[in-house]
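A.B. asks: requesting a structural model of the entry that follows:
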Amino acid sequence: MKLRVSSLFISLILLIHTALVHAQDAPESDSKLLIEKAKQCRDVTERLDRLRCFDRVFDTPLMHIPKIVEHNQASVGWIRAMESAAKTQDGSMMNLTVQGTEDEHGNAWLTLLALNDQGRFSKDQKAVLMMSCIDKISRIDLALPEAIPEARVKVSVHGTTQYWRSDDAGLLLSSGRGMPAISLMRKIASQSSIALRSNAVKVDGLSFDTHELKQALKPLRKRCGW
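C.D. replies: Numbers count the residues shown, from 1 in each chain. Predicted coordinates for the structure are as follows:
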């Protein structure tokens, strides 16, 4: 698998560039202080926290994460889905993230960008379908660019109907974990494309290209044992 340039890495480079600009424009004492604070940010191990640290130091926004995340309204699953989708290469609608070694250890998740979001959400932002094996548990989530009011949503895929729960922010819909998620992943992987049917207006009609999904799901299957 070819290494992909992370949007987080790109953002980090831009933040470092901003640091240099600040350092050039500021008095020497202020420049040294900025550099010292930036060095402290480098020691932060969690990627999002590290970028937030740079954001505070240089007063620059995190470009790859919608503002709502900074208000602590989005769930970890939603952030994971959107971070993965941001790494999708041009011409592709899929991104696979694998943690740990090539054996059964570590988490893995795969995201698909919706094909037909034009006019559905503001600025034509895209919904993201995420399939994952997190802590040995299979999951399917639908991350939405904008919140919906429904707390429980009916979702049908090629004859299989489930009820997905919304998170507190109304941004992430989740199927049942374990066997319900595995069963639906198998159903989706057997199709070249899918269209979601739902009683939620923002969800109904979302379509995804799944013709490469069967092969891409192998790391998830291996880690979750199915």
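A.B. asks: hey, which helix or strand in this structure has the poorest pLDDT?
C.D. replies: Every helix and strand of the chain was ranked by mean pLDDT, DSSP states H and E. The lowest is helix 67-70, at a mean of 46.
A.B. asks: what's the first helix or strand after that helix?
C.D. replies: Later in the chain than helix 67-70, the nearest helix or strand by DSSP states H and E is helix 76-86.
A.B. asks: what mean pLDDT does that next one get?
C.D. replies: Per-residue pLDDT values over helix 76-86 give a mean of 91.
A.B. asks: residue 192: what's it in contact with?
C.D. replies: Residues near residue 192 by C-beta atoms under 8 Å, 6 or more residues apart in numbering: 209, 210, 211. For the C-beta atoms, the positions are set from N, CA and C on the backbone; glycine is no exception.
A.B. asks: surely the second one meets residue 114?
C.D. replies: No: applying C-beta atoms under 8 Å, one finds residue 210 not in contact with residue 114, separated by 11.8 Å.
A.B. asks: more neighbours: which of the two?
C.D. replies: residue 114 (25 against 22; other C-beta atoms under 10 Å).
A.B. asks: any idea how far that one lies from residue 219?
C.D. replies: As for residue 114, its distance to residue 219 is 22 Å (criterion: C-beta to C-beta, to the nearest Å).
A.B. asks: now the residue nearest to the spatial centre of the chain: how far from residue 138?
C.D. replies: Centroid-nearest residue in the chain: residue 81, 1.8 Å away (criterion: C-alpha atoms, centre = their mean). Residue 81 sits 15 Å away from residue 138, going by C-beta to C-beta.
A.B. asks: ditto for residue 108
C.D. replies: For residue 108, the distance to residue 138 equals 10 Å [C-beta to C-beta].
A.B. asks: now do the shared contacts for the two.
C.D. replies: What both residue 108 and residue 138 touch, as defined by C-beta under 8 Å, 6+ apart, is the set 132, 220.
A.B. asks: what about residue 73, how many neighbours?
C.D. replies: Neighbours of residue 73 (other C-beta under 10 Å): 16.
A.B. asks: ok, the closest residue to it other than its chain neighbours - contacts?
C.D. replies: Closest residue to residue 73 apart from its sequence neighbours, by C-beta to C-beta, 6 or more residues apart in numbering: residue 169 at 4.4 Å. Taking C-beta under 8 Å, 6+ apart, we find residue 169 in contact with 68, 73, 74, 75, 78, 147.
A.B. asks: thinking again about what came up before, correct me, but the residue nearest to the centre of the chain touches residue 173?
C.D. replies: No: Residue 81 lies out of contact with residue 173 (C-beta under 8 Å); the separation is 10.7 Å.
A.B. asks: the helix or strand encompassing residue 184 - contacts with which helices or strands?
C.D. replies: Assigning secondary structure by DSSP H and E places residue 184 in helix 179-189. Counting contacts by 3 or more C-beta pairs under 8 Å, 6 or more residues apart in numbering; DSSP states H and E, helix 179-189 packs against strand 128-134, strand 137-143, strand 152-157, strand 160-166, helix 213-216.
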